[in-house]
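Trainee: Could you work out the structure for the sequence below:
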Amino acid sequence: MHPRAVVLLLDVIVSLAKKGVPFFISTHLVFSPDSIGRWIPEQLKDGIPKDNKIIDESIRLFEEGLEASF
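Mentor: Predicted coordinates:
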């Protein structure tokens, strides 16, 4: 999921939780593009995939948030 979309998703989750709506989230699979543009599924249990722009942006935003909190 795109890092900035996470904020919107959390708003939806909070809204559902306040209304008592059950939901399930699975976060163990990520898709990464290969060298010819095919999307390959990878299990996060095997480690964070390399060269994934969405993951790179997530890490950047996390680090930016840490710096802003100090």
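Trainee: drop to CA atoms for contacts and neighbour counts, all remaining ones
Mentor: OK.
Trainee: and residue 13, how many neighbours?
Mentor: Residues within reach of residue 13, counting by other Cα atoms under 10 Å, total 16.
Trainee: From residue 21, how far off is it?
Mentor: 9 Å (Cα to Cα, to the nearest Å).
Trainee: Check whether residue 41 sits in a helix, strand or coil.
Mentor: strand (DSSP: H, G, I helix; E, B strand; the rest coil).
Trainee: check contacts around it.
Mentor: Contacts for residue 41 (Cα atoms under 8 Å, 6 or more residues apart in numbering) come out as 29, 30, 31, 32.
Trainee: quick one: strands adjacent to the lowest-mean-pLDDT helix or strand in the chain?
Mentor: Every helix and strand in the chain was compared by mean pLDDT, DSSP states H and E; the lowest is strand 29-33, with a mean of 74. Sheet pairing for strand 29-33, assigned by DSSP bridges, gives strand 39-43 (antiparallel).
Trainee: thinking again about what came up before, and the contacts of residue 41, which is closest to residue 67?
Mentor: Nearest to residue 67 among the contacts of residue 41: residue 30, at 26.8 Å, using Cα to Cα.
Trainee: Show me what the closest one is bridged to.
Mentor: Legend: beta-bridge partners of residue 30 under DSSP bridges are residue 42.
Trainee: For burial, what's the neighbour tally of it?
Mentor: For residue 30, the neighbour count with other Cα under 10 Å is 17.
Trainee: give the contact list for it.
Mentor: Residue 30 neighbours (Cα under 8 Å, 6+ apart): 41, 42, 43, 44.
Trainee: Looking at those residues, state which has the most neighbours.
Mentor: residue 42 (15 neighbours).
Trainee: residue contacts, that residue?
Mentor: Neighbour list for residue 42: 29, 30, 31, 32, 49 [criterion: Cα under 8 Å, 6+ apart].
Trainee: Now residue 34: phi and psi?
Mentor: Per-residue torsions, residue 34: phi -90, psi -170 (degrees, to the nearest 10).
Trainee: you'd agree it is up against residue 40?
Mentor: Yes. Counting by Cα atoms under 8 Å, residue 34 does reach residue 40; the two are 6.7 Å apart.
Trainee: All set now, cheers.
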